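S.K.: Just a sequence and a predicted model for now, questions to come.
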Amino acid sequence: MNLGPHADFIVAAYAVTIFVVAALVAWVVLDYLAQQRILGALEERGVTRRSHRKG
Amino acid sequence: MPVIDLANPSRFLSIVNRLLPWLMAATIVLFAIGLFGAMNAPDDYQQGATVKIMFLHVPAAWLGMFGWGLMSIAALGTLVWRHPLADVAGKAAAPIGAAFTFICLVTGSLWGRPTWGTYWVWDARLTSMLILLLLYLGVIALYWTAEEPGRGARAAAILSLVGAVNLPIIKFSVDWWNTLHQPASVFRIGGSKIDPALLTPLLVMALAFTLLFVTLHLASMRNEILRRRVRSIRLLQAQELAEAT
């Protein structure tokens, strides 16, 4: 594949897109893991939502 | 399943948990097909290989606008119907829409230098797209800095509805004003002006990016619901502590 005389611009466009999408995916995944961890820790200490309480 | 069930965050979470693996797989497959098509697409007779930037730039532009459209509908849900997930949907869409708008602006700039001879001009299309990015940043700031989430959500919803005025300006800027940016060439009366050899990979890439947006949006909505659960548990805990002392 020959990208011609403007290869730098094409490669830079794809690199920026991959970087931004990867950062977005990482943020969403890490945020999910963080919320799961906090909820797990709270439940372990017996702190739950009112709707989940018995009695 | 009645549609009203989706208003229940727990029900919504169980649907999203089942849906996300399939959406992720479909997104990866579509990107593989789309990128293969993009890399093997012929050069444009005028722009040469730089036309490959189109496969990123155009879907990113569409999704930047789609994100704001989604936030506007969510804003109506927040302000008019007070749907419990509307505010969650609006908040989750903002950073994703901003990221796609940013990609659109950067790739457009990198495409503009070899084809127009400049990275940036203050023409109507480019400027209205930059305004969209600034509006996104404003909404994100409102959501994340409000001390009381409900108040932040209402302010963000109002800004989302006001900012929706910018969408037709972006779309028709190339018709209303004399711009350096080319006029619409995919969705236009009389059919697309793009050769099928370039149009097919473009549409596959657009579909792949759209699925990526939907996947990230649903995953982000799930995060927001969990964050709100953490907040409500902590508030309840603090309230109980205050009552006990």
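M.R.: Looks like it came in fine.
S.K.: Which pLDDT value belongs to residue 44?
M.R.: In the absence of a named chain, this looks at chain A. pLDDT recorded at A:Glu44 is 84.
S.K.: um, chain B though
M.R.: 88.
S.K.: what about the longest helix belonging to chain B, near chain A?
M.R.: Looking across chain B with DSSP state H, the single longest helix is helix B:196-244. Yes. Judged by CB under 8 Å from any CB of the partner chain, helix B:196-244 comes into contact with chain A at B:212, B:216, B:219-220, B:222-223, B:226-227, B:229-230, B:232-234, B:236-237. Where C-beta positions appear, they are placed from N, C-alpha and C, glycine not excepted.
S.K.: residues from chain B in reach of chain A?
M.R.: Residues of chain B lying near chain A (CB under 8 Å from any CB): B:39-40, B:43, B:48-50, B:52-53, B:56-57, B:60, B:95-96, B:99, B:102-103, B:106-107, B:110-111, B:113-114, B:212, B:216, B:219-220, B:222-223, B:226-227, B:229-230, B:232-234, B:236-237.
S.K.: what sits up against stretch B:99-111?
M.R.: Outside stretch B:99-111, the residues that touch it by CB atoms under 8 Å, 6 or more residues apart in numbering or on different chains are A:9-10, A:12-13, A:16-17, A:20-21, A:23-24, B:50, B:53-54, B:56-57, B:60-61, B:63-64, B:67, B:119-120, B:126, B:129-130, B:132-133, B:136, B:209, B:213.
S.K.: and if we set it to 7 Å?
M.R.: A:9, A:12-13, A:16-17, A:20, A:24, B:50, B:53, B:56-57, B:60-61, B:63-64, B:67, B:119-120, B:129-130, B:132-133, B:136, B:213 (CB atoms under 7 Å, 6 or more residues apart in numbering or on different chains).
S.K.: How is the residue positioned nearest the centre of chain A assigned, secondary-structure-wise?
M.R.: Centroid-nearest residue in chain A, with CA atoms, centre = their mean: A:Val28, separated by 2.2 Å. Of the three states, A:Val28 takes helix according to DSSP: H, G, I helix; E, B strand; the rest coil.
S.K.: which regions of chain B sit below the pLDDT cut-off?
M.R.: Along chain B, segments meeting pLDDT under 70 span B:1-6, B:188-189.
S.K.: before we move on, back to that, please spell out the ChimeraX selection for the buried subset of the residues of helix B:196-244 next to chain A.
M.R.: Paste this into ChimeraX to select the buried members of the residues of helix B:196-244 next to chain A, with burial taken from 16 or more other CB atoms under 10 Å in any protein chain shown:
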select /B:212,216,219,220,222,223,226,227,229,230,233
